[in-house]
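Okay, structure incoming, though there's no sequence with it:
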């Protein structure tokens, strides 16, 4: 990718990413205010309230900053091998720096996604406490925890030595393409999303409400299908790039 192409890409990424970041942060603030107004005190905040008010904005901010820094930087250690001999020391240093930021961005992405999963599960647990549907919450929560550990273990073990993630040239393809990591991440991310989406279904079916209201609730809770579709598209795009 040439310098002008890199500049165009960074501009195309910067505007929509910061707009979406602003929208996301406003929604987080509105949710936090609504919960504070409802419970009356920060001491009465539930686990999902604290996760949404602290972990999510922290990791989300880190992700957006990293992505825009990568887009405006000098690249990473993902490049055709025959180009290495053409790099100056300055270009190599820039690619090492960019690759380190990629590692941070991956961690920010993973943790913001899994923090949101945790928020959903804690919220459902409050709604379903004392009902037989709690067992589905426990199943989904167990799978989410297993998924987080599996993805993290894969990330920290796929590229050996770990410094290979920012080595130029890289010691093996997994340090640049992250193919094995992407497969594990997509598997647990998508499957756990499907489980979380399915959790409210027994609750909705058991409610003594008119069919129309059940359909509306079902549509509301099923909006997470968009998240699954986004995960599928991002995974497909990743493999096209690699």
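Thanks, I have it. Given the structure is predicted, the values throughout are model-derived calculations rather than measurements.

show me the contacts for the residue nearest to residue 60 when sequence neighbours are not counted.
In space, not counting the residues next to it along the chain, residue 60 is nearest to residue 112; the distance is 5.0 Å by CB to CB, 6 or more residues apart in numbering. Quick note: C-beta positions are derived from backbone N, CA and C, even for glycine. Taking CB atoms under 8 Å, 6 or more residues apart in numbering as the criterion, residue 112 is in contact with 55, 56, 59, 60, 63.

longest helix of this protein?
Looking across the chain with DSSP state H, the single longest helix is helix 89-128.

list the buried ones in that one?
Buried residues in helix 89-128, counted by 16 or more other CB atoms under 10 Å: 91-92, 94-103, 105-122, 124-125, 128.

Please name the nearest non-neighbouring residue to the residue nearest in space to the middle of the chain.
The centroid of the chain falls nearest to residue 113 when counting by CA atoms, centre = their mean (3.3 Å). If the residues on either side of it in the chain are set aside, residue 113 comes closest to residue 189, at 6.5 Å by CB to CB, 6+ apart.

Quick check: that neighbour touching residue 147?
Yes - using CB atoms under 8 Å, residue 189 makes contact with residue 147 at a distance of 7.1 Å.

and whatever helix or strand residue 35 lives in, what does it pack onto?
Residue 35 is part of helix 3-39 when elements are defined by DSSP states H and E. With contacts defined as 3 or more CB pairs under 8 Å, 6 or more residues apart in numbering; DSSP states H and E, the secondary structure elements packing on helix 3-39 are helix 56-72.

Would you mind pulling up the elements that the helix it packs on packs against?
Helices and strands touching helix 56-72, by 3+ CB pairs under 8 Å, 6+ apart, are helix 3-39, helix 89-128.

got the angle between whatever helix or strand comes next after the longest one and helix 89-128?
In other words, helix 89-128. Per DSSP H and E, helix 89-128 leads on to helix 134-158 as the next helix or strand towards the C-terminus. Helix 134-158 and helix 89-128 meet at an angle of 170 degrees, taking axes from the mean of the first three to the mean of the last three CA atoms, to 10 degrees as the criterion.

Contacts for stretch 67-79, please.
When contacts are taken as CB under 8 Å, 6+ apart, the neighbours of stretch 67-79 outside the stretch itself are 1, 6, 9-10, 13-14, 17-18, 91, 94-99, 101-102, 105, 165-170, 175-177.

make it 7 Å
9-10, 13-14, 17, 91, 94-95, 97-99, 101-102, 105, 166-170, 175-176 (CB atoms under 7 Å, 6 or more residues apart in numbering).

Repeat that for stretch 22-36.
Residues from elsewhere that reach stretch 22-36, judged by CB under 7 Å, 6+ apart: 42, 45, 49, 52, 53, 56, 57, 60.

Could you rerun that using 8 Å?
Residues external to stretch 22-36 that are found in contact with it (CB under 8 Å, 6+ apart): 42, 45, 46, 49, 52, 53, 56, 57, 60.

Kindly report the same for stretch 90-106.
Stretch 90-106 is contacted by residues 62-63, 66-67, 69-70, 73-77, 79, 87, 155, 165-168, 178 when judged by CB under 8 Å, 6+ apart.

Below-threshold pLDDT in this protein: ranges please.
Scanning the chain for pLDDT under 70 picks out the ranges 1-9, 204-209, 211-242.

if I look at the residue nearest to residue 60, how far off is residue 174?
The span separating residue 112 from residue 174 equals 23 Å under the rule CB to CB, to the nearest Å.

Could you report the neighbour count for the residue nearest to residue 53 when sequence neighbours are not counted?
With CB to CB, 6+ apart as the criterion, residue 53 has its nearest non-adjacent residue at 4.8 Å, and that residue is residue 32. When neighbours are counted by other CB atoms under 10 Å, residue 32 registers 18.
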